[in-house]
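Visitor: need a structure here:
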Amino acid sequence: MIQEGEYEARATKASVGSNPKTGKPEINISFRILEGEHSGQSIKYSNNLDAAGVKYAKEAALACGWDGRDITQAPAQIVAAAPVVTIKTVIVQGRDGKPDWAKVKFVGGKEKQLEPLTAAQLAEINGTTIDGDDIPF
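Guide: As a prediction, this is how the structure comes out:
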């Protein structure tokens, strides 16, 4: 199984349509990892194109070569462009006895940027001790 991490990858297949189980519109992009111990392995990105997911789905498609105009053209444009992109993978815990599996969480380094910590947050974090440890960070 592909481990959590960041990998250089290339899109090999893409599709846009309605999920037969949920009825929601979605985009799927399959990637082939280009480096490291998982080189040559495939992994999939999938996201809904509804109000909750469309921003992230469009960012992923744009990073993969879509021109941003007509989502029905995204699959062909993504496969034709096939740029090398950075993907971030995560492990999803299987439920009801099903095995764990890996998926793409972010495409193209679009992970949410964090704001700097405030002085009060730093003081609280640095003053917190770990069970059995009486030395603050």
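
Visitor: contacts, neighbours, all on C-alpha from now
Guide: OK.

Visitor: what mean pLDDT does the host helix or strand of residue 56 get?
Guide: Residue 56 is located in helix 54-63, with elements delineated by DSSP states H and E. Averaged across helix 54-63, the pLDDT comes to 94.

Visitor: helices or strands up against it?
Guide: Secondary-structure packing of helix 54-63 (3 or more C-alpha pairs under 8 Å, 6 or more residues apart in numbering; DSSP states H and E): strand 42-48, strand 101-107.

Visitor: can you check which of those gets nearest to residue 14?
Guide: Smallest distance to residue 14 across the helices and strands packed on helix 54-63 (C-alpha to C-alpha): 9.3 Å, for strand 42-48.

Visitor: neighbouring strands of that closest one in the sheet, and parallel or not?
Guide: Under the criterion DSSP bridges, strand 42-48 sits next to strand 25-33 (antiparallel) in its sheet.
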